[in-house]
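pasting a predicted model and its sequence here:
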Amino acid sequence: MKGLRAVEIAKADGLDTEVYILECGGGLILVDVGFTPQCHESISAELGEMGVTWEDVKMIIITHAHGDHMDNLPQVRGLTGAEVVIGEGDEGRLYESTGVKADVILGHGDLIGACGGVEIVHVPGHSDGNLCLYLRGYKTIIAGDTIFGDSEGNLEAPPEKYCEDVVEASKNLSILADYDFDALLLSHGKNTMAGAKEKVLKLIEVCA
Ligand SMILES: [Zn+2]
């Protein structure tokens, strides 16, 4: 997708892990920052390929305050000076774990005006402040860990061992039924580039 890049950064616990870069007029938005020097290198390499640098990143959105999504934040914040955004409920954990205080704490329905509109979708359960991002202009949801996938593109609710409240995490998937989307981009597992809403509706049925 033009202006939207998936960066494969690691295999963690047997799971592929991805972060996303949104290329908007006026700067880049980085969605999650990974957790190891290798993750950092992968993002650096992608920025190089794009012909940009860390300093071009103006905003960092952390989908939720779990280590594999945020541990590199102090370093990335230092390199970019970017504004750090997180969902309401995860800001304390972000600060405790990384020492970085979020600049902006967003809740359900909040809108970031860049990149054709990035709407905040709060789906608590995986963590209290767990977010999906609805990219209006792309009819795409960046799901973070709200949904997991396998290597074939089958979807599932986040596994219990990773969730703060697994019952809520499953139940709240129904929130996604309110959005009009074709593509679903995950942090862990194969992305679905078309027909994603139908697959998610089926998952919601299974999880209800
Ligand atoms: Zn994760």
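Received, thanks. Quantities reported herein were computed from a predicted structural model and do not represent experimental measurements. Residues are numbered from 1 along each chain as shown.

got the residues of this structure near the ion?
68, 145, 187 (CB under 5 Å from the ion). Placement of C-beta: from N, CA and C, glycine included.

tell me, how many residues neighbour the last one?
For Ser187, the number of neighbouring residues by other CB atoms under 10 Å comes to 28.

what pLDDT does it get?
Note on Ser187: pLDDT of 97.

can you tell me the closest non-neighbouring residue to the residue sitting nearest the centre point of the chain?
Nearest to the centroid of the C-alpha atoms of the chain, with distances taken as CA atoms, centre = their mean, sits Gly144, at 3.6 Å. Of all residues not flanking Gly144 in the chain, Thr63 sits nearest, at 3.1 Å (CB to CB, 6 or more residues apart in numbering).

from Asp178, how far off is the one you found?
The spacing between Thr63 and Asp178, counted by CB to CB, to the nearest Å, is 18 Å.

now do the strands in this structure.
Applying DSSP state E to the chain gives strands spanning 4-12, 15-24, 27-31, 57-62, 83-87, 104-106, 111-112, 118-122, 131-135, 140-144, 148-149, 155-156, 183-186.

for the ones you listed, which one ends up most surrounded?
strand 140-144 (a mean of 28; mean count of other CB atoms under 10 Å).

out of the strands of the chain, nearest to Gln75?
Closest approach to Gln75 among the strands of the chain is made by strand 57-62 (11.4 Å; CB to CB).

sheet partners, orientation included, of the closest one?
Strand partners for strand 57-62, identified by DSSP bridges, are recorded as strand 27-31 (parallel), strand 83-87 (parallel).

give me the below-cutoff pLDDT ranges for the chain.
12 (pLDDT under 70).

between the strands paired with strand 57-62, which gets nearest to Asp56?
strand 27-31 (5.1 Å).

CA atoms only: put the closest one into PDB for me.
Coordinates of the C-alpha atoms in strand 27-31 are reproduced here as PDB (Å, rounded to 0.1, in the frame of the first residue of the first chain):
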ATOM      1  CA  GLY A  27       6.400  13.400   8.500                       C
ATOM      2  CA  LEU A  28       6.300   9.800   9.300                       C
ATOM      3  CA  ILE A  29       4.300   8.000  11.900                       C
ATOM      4  CA  LEU A  30       5.800   4.900  13.400                       C
ATOM      5  CA  VAL A  31       3.400   2.300  14.900                       C
END
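
more neighbours: which of Thr63 and Asp178?
Shown here are Thr63 and Asp178; by other CB under 10 Å, Thr63 has more neighbours (29 against 8).

Ala177: how many residues sit nearby?
Neighbouring residues of Ala177 were enumerated by other CB under 10 Å; the total is 11.
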